[in-house]
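**Q** Structure for the following, please:
(chains A and B)
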Amino acid sequence: MAIAFIRTVILYILIIAGVRLMGKRQVGELEPSELVVSLLIADLAAVPMQDFGIPLLTGVIPIFTLLALTMILSVLTMKSTRLRVLLCGKPSIVVRDGKPDQREMRRNRFTVDELLEELRMNGYTDLTQIKYAILETNGKLSVLPYADQVPPTSRQMGVRTKDPGLPRVIISDGLLLKENLTAAGYDDQWLTRQLRRHHVHSPAHVFLMTVDELGNVYLVDGDTKEAKG
Amino acid sequence: MKRLVIAAALLLAVLGATAFHSQYLTKLTDGYCEQLKQAAVLADQDNWPRALELTEQTLAAWERHDFYLHTLLRHVDIDNIRLTFHEVVEYLRLAEPDQYTAANARLITQLALLAEAERLDLKNVL
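**A** This next block holds a predicted model:
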């Protein structure tokens, strides 16, 4: 059992180092330590689950060890910038003033095709629109376009708009959510009026009904026919 | 900070418990091996009833630790040792010196290997 503990610590450190060496592109949305834990825990749990000849503790001890190590690392990375950079890396600017930084791209093993794909996914097709593109530590690309490429906001255009707030679901798949109806400040009479307005006889015939803070009702009846009011 | 202390305490507790297990198992198996060696000496002196009694006592002590052994060690290793124990007891009952000596030596080795596999040393870690 002590061997399992020591081996878990050694392998955890080794795999974290391996994931860090693989680079940001392999990490996905998780930090390296989180990725390592999710890779290992499933496997550790599966072995004693399938093999009854192995004590349960053979899986439990490494899992506890991994969770404790991850917790320690997460606290230490919060406190120490150096450790954070060492474990998670730091963001890399791969496009600067519309030009790809080839050295930085090579360092992150980030290809031109991947860059263009990520830019398209962010809604940009032309590098000249981009002031900065930053490869974050979780492998995602943040794109900051030039100021003249950013769509103007209603404030910039001097247009006054009302904030509709968070819409509340009143009916979900024929089921009336009374708590939400009350929380939104409405009652059964109001609901009956709204249903009648949309030519629906009962909540059971509604697929989805929401109401926002301005009182705008969105209703889709059970036949997926959409209505808005 | 609280999370750090809890995690560090958990790590230390796991390390402590596993190190204690390693020590305890070594002590336990060393005691059994010693008793089995004494039984072998008695059998050499043709004192078969006393050798049988001592081996059965050792087997009873082993079986009293069944829960501990099964929760911490591979079941196949425990079952093999139990099997050899019964084999040794039967050879003692039959007063078969050759078969007994071989089975008893195997049992002592199995017990020693069991503790060795759990010992916290570089050979096992690597």
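**Q** tell me which residues of stretch B:111-122 are tucked away?
**A** B:111, B:114-115, B:118, B:120 (16 or more other C-beta atoms under 10 Å in any protein chain shown). C-beta coordinates here come from the backbone N, C-alpha and C atoms, glycine included.
**Q** what's the closest of those to chain A?
**A** B:Leu120 (4.2 Å; C-beta to the nearest C-beta).
**Q** who's in contact with the closest one?
**A** A:2-3, A:6, B:18-19, B:22 (C-beta atoms under 8 Å, 6 or more residues apart in numbering or on different chains).
**Q** Show the subsequent helix or strand relative to the helix or strand harbouring B:Ala39.
**A** Secondary structure here is read from DSSP states H and E; on that basis B:Ala39 sits in helix B:2-44. Scanning forward in sequence from helix B:2-44 by DSSP H and E, the next helix or strand is helix B:48-64.
**Q** tell me the angle that following helix makes with helix B:2-44.
**A** Angle, helix B:48-64 to helix B:2-44, by axes from the mean of the first three to the mean of the last three C-alpha atoms, to 10 degrees: 170 degrees.
**Q** Around chain B, which positions in chain A sit nearby?
**A** With C-beta under 8 Å from any C-beta of the partner chain as the criterion, chain A meets chain B at residues A:1-7, A:10, A:52-57, A:61, A:64-65, A:67-69, A:71-72, A:74-76.
**Q** Buried ones among those residues?
**A** Buried positions within those, assessed by neighbour count (16+ other C-beta under 10 Å), are A:1-6, A:54-55, A:57, A:61, A:64-65, A:68-69, A:71-72, A:74-75.
**Q** For chain B, name the helix or strand with the lowest mean pLDDT.
**A** Confidence across the helices and strands of chain B bottoms out at helix B:122-125, with a mean of 80, counting by mean pLDDT, DSSP states H and E.
**Q** Find the nearest non-adjacent residue to B:Val88, please.
**A** Distances taken as C-beta to C-beta, 6 or more residues apart in numbering or on different chains put B:Ala103 closest to B:Val88, at 4.7 Å, once the chain neighbours are dropped.
**Q** tally of neighbours for A:Gly174?
**A** 13 (other C-beta atoms under 10 Å in any protein chain shown).
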